[in-house]
Structure formats: structure tokens, C-alpha cells
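J.: coordinates only, sequence not included:
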Ligand SMILES: NC(=O)C1=CN([C@@H]2O[C@H](COP(=O)(O)OP(=O)(O)OC[C@H]3O[C@@H](n4cnc5c(N)ncnc54)[C@H](O)[C@@H]3O)[C@@H](O)[C@H]2O)C=CC1
Ligand SMILES: O=C(O)[C@H]1O[C@H](OP(=O)(O)OP(=O)(O)OC[C@H]2O[C@@H](n3ccc(=O)[nH]c3=O)[C@H](O)[C@@H]2O)[C@H](O)[C@@H](O)[C@@H]1O
């Protein structure tokens, strides 16, 4: 029986390994992690991450050929194929701080593999890493090999949260990069055989190592660039009276452009887009390509601009002050159908509102108050370290931030509602009921274009919706102070 061990039981390691176990009953899959809490979660009825369809997959194979364990050394030692799916955060200090990927967790995993291995192994980079990481890992393994032979593969993951199971069941492509040597090709084939159990052959792409590593960073950069493009246009729509939904629809009808990933928003979030672009920027700088670095940096600048533009709209619309005013925040996760809050635009928007002394009442169907306090107290990039290494929350925040059990409670006695995640339930709320319970004038700032603007205006709200023609109320207010 082929044995797979995955180091890192996170948003990638957990779902990807569960799907491999489901689709390959003849393979034993063990997911290991240093976090006891996370492993206990994976072994419980309440999984540590919320992902539609995941419970079902785990239920079918946990205890059969899928196991979650903290016995990292034993299972890595026993495995034929070791996936590494640990955090690769942005460095916060030292060389490349604020841009370069911090490979501390990756390196310690590689050293541990070298320490405990007694048999030959294929080591698979599942984490998103800078180009040429495979070479560094290879050096660590080879210099500590004691006769064990290693093949390093790059097999970046393209799943999106909220649709992870769907994406893993029917991926657009699986990418495997390896050395162009007989041993390298054999390792690529071994991994290809795993995916071929359910992914059609023509969707499994094989490349050299560096192409695979770079393709992952490039794919995320292209995706994020589309959002910054449509968000940049959204600002121009507001200035001119065009409607960004209509513009995106018209642009996306061009088959060369395509309709997906063109929704204007308060900004993109998630654990990877910003981190991976910063990483790309750093690599370009290191290779003496400042123009290329500058080009990609703009994608993040526009994203930051979009978030601050939103906060400024809120504050300037409400007579230039939100001090002491209750603002309801609907949605804190970085997108719908996930409880993940890493790099969510809601953090920057809430921090902006709190900076202006607003009292914020947050409702999100999947995010806990504890998580919100942690996020609002954290410094940039702290969130992407394993949880036990993250700083604890700041209790002062408690005075200004509260959690609500539902959207109506959040909006009660509020001056404004900000919609920051596109949860389906926000499309069908009883907005009249909310309006009746709010201070007047009552404002709605829709950062996800989920509400029916005309209907809400009929109810009496002053409405701002990203990239839509402006309410008369807002026309003379400065968008960016
Ligand atoms: N979240 C996503 O949707 C995607 C993430 N990625 C990439 O996958 C990688 C992992 O991301 P996530 O799963 O989201 O992170 P995560 O933070 O959810 O999971 C990483 C896990 O690794 C564990 N870990 C760290 N060092 C360890 C060690 N030495 N030994 C054992 N366990 C260790 C941590 O405790 C944590 O549970 C990152 O490089 C990310 O860029 C790629 C595609 C999608
Ligand atoms: O490397 C990763 O981590 C993953 O990053 C993204 O996946 P994810 O961040 O989970 O979710 P997306 O659906 O890409 O959304 C990212 C952010 O962009 C925003 N977004 C997305 C699409 C859109 O049209 N507009 C928009 O603002 C979302 O609301 C969210 O905040 C990519 O889509 C995955 O292919 C990739 O594997």
C-alpha cells in the first residue's frame, strides 16, 4: 500500500488529502500537524475549517484510509510520498521584510523529514513557495540524507476556499513539476498516477520545477489583477455615472476576456493573493527587474486604495464623523462560504472605522467573536503564522467592537450598515425591518453589490454600492480624503 503523509493540516492539507483518500482507497493518507488543537478538530465532529461538502468526504474515509495525527515523525518516516503544506507567510522582519516569503516553517519541515527518514521519499511542495525553493529544499535534504534518496516535486494547489471540494473533485488542471532526469520523471509519474485515479489525463500538466513554482504565483497574480482592474474601473464608474456591473458584463462578453472574476468589491482578501504577489514582487526585485516588480505592486496598491476609498465614503457620507455612532458590519469572512478571515478586507475597513471612533457591531454566520478580536488586534502578516504563535487579542477593543447574533441585531440603533462579505442571506434580508430600527438618515454601504439599490432607496436608505451611480446624497462628498 502506498503511504502518503501530509505535513500541515490546514485549509489546503486537510481538504486535498481528504479528497485523495476518498478517490484512492488503496492509498493510506495521514495528515500531521504540530497543532494538537487542529488535529483534535479534524478527529472530531466539528472540523476545524468550514468548507461545503468537506464533512461528507471526511466522514466517508476517516478511520478507513484517512488519518489525522500529531505523531509527525512516525508518519513522515513511514511515508513514500510526503506533501508539505505548511504556512509560507510574508516575512515581518529582516531581509525582504514585508515582501519575501518566510520559509521558516518549510525549512523546519524539510529538516525534520531529513532527520526521520530511513527510506527513499518523494517530497511534494504543496505550499505556495518562491521560485527555486525546491532547490533549497533539495540541498537541505541531500546534505542530511544519510543514504536516503529524495525527489522533490512541485505540485501547487489551485483550490479556492468555499469551493474547495468542488475544485478538488474537478480541477481545471493539476500541475506537477519535477527534475528532468530519469528519477525525476519516475517521481512525476508516481504522483501523476495518484491524481489520474479521478482527474482526466489531459488535465494533468507536467513541467519542470521552476515553471510549476512560478505558474502558481503567476496564476494568483493574474486573478488578483482582474479584481484590481475591475475595482479601478469601479472608482471611475462612480465618478462618471457608469455602472460597474454593466461595464463588467459588457467587457466579460468578449470571449478573450471571459465573464468570471470580474465582480467589483471592497477589495480582495484571503490568505494568498497579497502574500503571493508580494513574493512575486520581491523575486522580480532580486532578479533585477524593478519594472516588472512595480507592475505587480500596483495590483496591491489598487486593492488598498479600494478599501480606504470605502472607509472614506462611509465617514464622509455621515457628516465626516462616525465617532460614537454604531455601524453594523455584515460579513467578516474574506468571501462567502468560508469562516476564514485571513487578510479579509473587513479587517482594514473595521480598523478604519474604529480609527474614526465608530462603535462596530459585527455579524458573520461563520466567524466567532474570538476570531474577530484576534484579527483586529493583530499586526500585518501575523495572521499567517500557526495559531499558537499568533499574538493574543487586545482587550481594549472589546469596548468598541461587539458581535451580533444576526443582521437585525447588528443593525438595531445603528446609523449605518456596511456589507463586507457576499453571504447569500444578505440578499434577502428584511431591509425595511432594519431601516425601522436604525437612526435616520439610515445608510447602507454595500461593498459587495448584493443589495437591490433601487428598492433600498425606496425604503428610505441612503445607499452606496461599489461602482454604481451615486446617491444624490453622496455626489458632492469627496471619495478620498
Ligand atoms: N488557503 C488556500 O486556499 C490555499 C493555500 N495555499 C498555500 O498552501 C500553504 C498552506 O496554506 P493553508 O493550508 O491555508 O495554511 P494553514 O495555516 O491553514 O495550515 C498550515 C498548517 O501547517 C502547520 N504547520 C506549520 N509548520 C509545521 C511543521 N513544521 N510541522 C507540522 N505542521 C506544521 C500549522 O500548524 C498549520 O495548521 C500556503 O503556502 C498557502 O499559500 C495554496 C492554495 C490555496
Ligand atoms: O492560492 C490560493 O490561496 C488560492 O487563492 C484564490 O482562492 P481564494 O483566495 O480562496 O478565493 P477567491 O475566490 O479567489 O477570492 C479571493 C478574494 O477575491 C475576491 N473576489 C473574487 C472574485 C471577484 O470577481 N471579485 C472579488 O472581489 C473574493 O471576495 C475574495 O476576497 C484562488 O482563486 C485559488 O485558485 C488559489 O488556489
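T.: Received, thanks. It should be emphasised that the depicted structure is a prediction, and the values quoted were computed from it without experimental measurement. Ligands and ions are numbered 1, 2, ... in the order given.
J.: Up against ligand 2, what does the stretch 1-150 of the chain have?
T.: residue 128 (Cβ under 6 Å from any ligand atom). To be clear about C-beta, it is placed using only N, CA and C from the backbone, and glycine gets the same treatment.
J.: Please, where are all the strands along the stretch 1-150 of the chain?
T.: 3-7, 28-32, 66-69, 81-84, 121-125, 150-154 (DSSP state E, counting those that start in this stretch).
J.: Using CSV, please lay out those strands together with mean pLDDT and distance to ligand 1.
T.: What follows is those, written out as CSV (pLDDT from 0 to 100; distance: least, Cβ to the nearest ligand atom, whole Å):
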stretch, mean pLDDT, distance to ligand 1
strand 3-7, 98, 5
strand 28-32, 98, 6
strand 66-69, 98, 11
strand 81-84, 98, 8
strand 121-125, 97, 9
strand 150-154, 96, 12
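J.: what would these look like in CSV with mean neighbour count?
T.: Putting the strands of the stretch 1-150 of the chain into CSV (neighbours: other Cβ atoms under 10 Å) gives the following:
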stretch, mean neighbour count
strand 3-7, 25
strand 28-32, 24
strand 66-69, 22
strand 81-84, 26
strand 121-125, 24
strand 150-154, 24
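J.: Kindly reformat these as JSON lines containing distance to residue 41.
T.: Formatted as JSON lines, these follow (distance: least, Cβ to Cβ, whole Å):
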{"stretch": "strand 3-7", "distance to residue 41": "16"}
{"stretch": "strand 28-32", "distance to residue 41": "12"}
{"stretch": "strand 66-69", "distance to residue 41": "9"}
{"stretch": "strand 81-84", "distance to residue 41": "19"}
{"stretch": "strand 121-125", "distance to residue 41": "24"}
{"stretch": "strand 150-154", "distance to residue 41": "28"}
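J.: the helices in the stretch 151-300 of the chain, which residues?
T.: 164-169, 182-195, 209-240, 244-252, 273-286, 290-317 (DSSP state H, counting those that start in this stretch).
J.: Turn those into a markdown table, including distance to residue 422 and mean pLDDT.
T.: A markdown table is the format used below for those (distance: least, Cβ to Cβ, whole Å; pLDDT from 0 to 100):
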| stretch | distance to residue 422 | mean pLDDT |
| --- | --- | --- |
| helix 164-169 | 17 | 98 |
| helix 182-195 | 32 | 97 |
| helix 209-240 | 13 | 97 |
| helix 244-252 | 13 | 98 |
| helix 273-286 | 17 | 95 |
| helix 290-317 | 14 | 97 |
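J.: Nearest to ligand 2, out of those?
T.: When the helices of the stretch 151-300 of the chain are compared by Cβ to the nearest ligand atom, helix 209-240 sits nearest ligand 2, at 4.5 Å.
J.: what angle do that closest one and strand 150-154 make?
T.: 20 degrees (axes from the mean of the first three to the mean of the last three Cα atoms, to 10 degrees).
J.: tell me how far helix 209-240 is from the chain's mean position?
T.: Taking Cα atoms, centre = their mean, to the nearest Å, one finds helix 209-240 lying 14 Å from the centre of the chain it belongs to.
J.: That one: which residues count as buried?
T.: 209, 212-217, 219-221, 223-235, 237-238 (16 or more other Cβ atoms under 10 Å).
J.: same check, this time on stretch 192-209
T.: 192, 194, 195, 199, 204, 206, 207, 209.
J.: I'd guessed residue 207 sits against residue 215; true?
T.: Yes - using Cβ atoms under 8 Å, residue 207 is in contact with residue 215, at 7.2 Å.
J.: what sits in contact with each of those two?
T.: Common contacts of residue 207 and residue 215 (Cβ atoms under 8 Å, 6 or more residues apart in numbering): residue 175.
J.: thinking again about what came up before, same list (the buried residues of stretch 192-209) but as TSV, adding distance to residue 263.
T.: What follows is the buried residues of stretch 192-209, written out as TSV (distance: Cβ to Cβ, whole Å):
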residue	distance to residue 263
192	35
194	34
195	30
199	28
204	30
206	33
207	31
209	34
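J.: Quick check: the farthest pair among those?
T.: 199 and 209 (20.4 Å; Cβ to Cβ).
J.: any weak-confidence spans in this structure?
T.: 380-396, 477-481 (pLDDT under 70).
J.: Please parse it into its domains.
T.: 3-199, 222-476 (automatic domain parsing).
J.: Once you drop chain neighbours, what's closest to the residue in the chain that ligand 1 sits nearest to?
T.: With Cβ to the nearest ligand atom, the shortest gap between the chain and ligand 1 falls at residue 10, namely 1.9 Å. Leaving aside its sequence neighbours, residue 10 sits nearest to residue 85 (Cβ to Cβ, 6 or more residues apart in numbering; 6.5 Å).
J.: Who are the contact partners of that neighbour?
T.: Residue 85 sits next to 6, 7, 8, 10, 12, 13, 16, 126, 127, 157 when contact means Cβ under 8 Å, 6+ apart.
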